[in-house]
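**Student:** A predicted structure for the sequence below; I have some questions about it.
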Amino acid sequence: MRLHATQVQLTKQIVDRLLGVPNRIWLFGSRARDDLRGGDIDLLVETDTVVSNRAEMICRIYGALIMALGDQKIDILLKDARTSEVPIFDIARRTGVLL
C-alpha cells in the first residue's frame, strides 16, 4: 500500500467525522499496489446505513481530504445501504486494502 501511516490515519478520521456512522474504507487501484508508481487515490467508503445525500457526502469527504492531504487526484465511491451492488465495488474489495 502506497499511503503513509499519517495519510491513512487522516483519511479514517475525516470519513469517521463526516459520515458519523460505522464504515469501512478500502484503498484500491494503483495506490494499493507496492509494485506500481504514481497514481491517484481510489477509495471505496462503505456503510450499512443510509446516507441521505450521497453526492453531497462524497463532495464533503473529497474537500476535507484535499485540505488534509494536499492537492492530489482522489476518487471516492460511496456505497450505503440503498446503493445497488455493482462490479467496481467487488473489484475494490478483492484487490484493495482495508484501511
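**Tutor:** Received it, and whenever you're ready, just let me know what you need.
**Student:** Please make it C-alpha for all contacts and neighbour counts, starting now.
**Tutor:** Noted.
**Student:** Quick check: the residue of the chain most remote from its centre vs Gly29, distance?
**Tutor:** Centroid-distance maximum for the chain: Asp35 at 20.7 Å, with C-alpha atoms, centre = their mean. Per C-alpha to C-alpha, to the nearest Å, Asp35 is found 12 Å from Gly29.
**Student:** Where does the most centrally placed residue in the chain sit: helix, strand or coil?
**Tutor:** In the chain, the residue lying closest to the centroid (C-alpha atoms, centre = their mean) is Leu43, at 2.7 Å. When classified by DSSP: H, G, I helix; E, B strand; the rest coil, Leu43 comes out as strand.
**Student:** try Gln7
**Tutor:** Following three-state DSSP, Gln7 is assigned to helix.
**Student:** What's the local residue count around the closest residue in space to it that isn't next to it in sequence?
**Tutor:** Once flanking residues are discounted, Gln7 sits nearest to Leu69: 6.8 Å by C-alpha to C-alpha, 6 or more residues apart in numbering. For Leu69, the neighbour count with other C-alpha atoms under 10 Å is 15.
**Student:** Measure how far whichever strand or helix holds Ile91 is from the centre of its chain, please.
**Tutor:** Ile91 is located in helix 87-95, with elements delineated by DSSP states H and E. In terms of C-alpha atoms, centre = their mean, to the nearest Å, the centre of helix 87-95 is found 12 Å from the chain centre.
**Student:** what about the helix or strand following that helix, average pLDDT?
**Tutor:** Using DSSP H and E, the helix or strand that directly follows helix 87-95 along the chain is strand 97-98. Strand 97-98 shows a mean pLDDT of 94.
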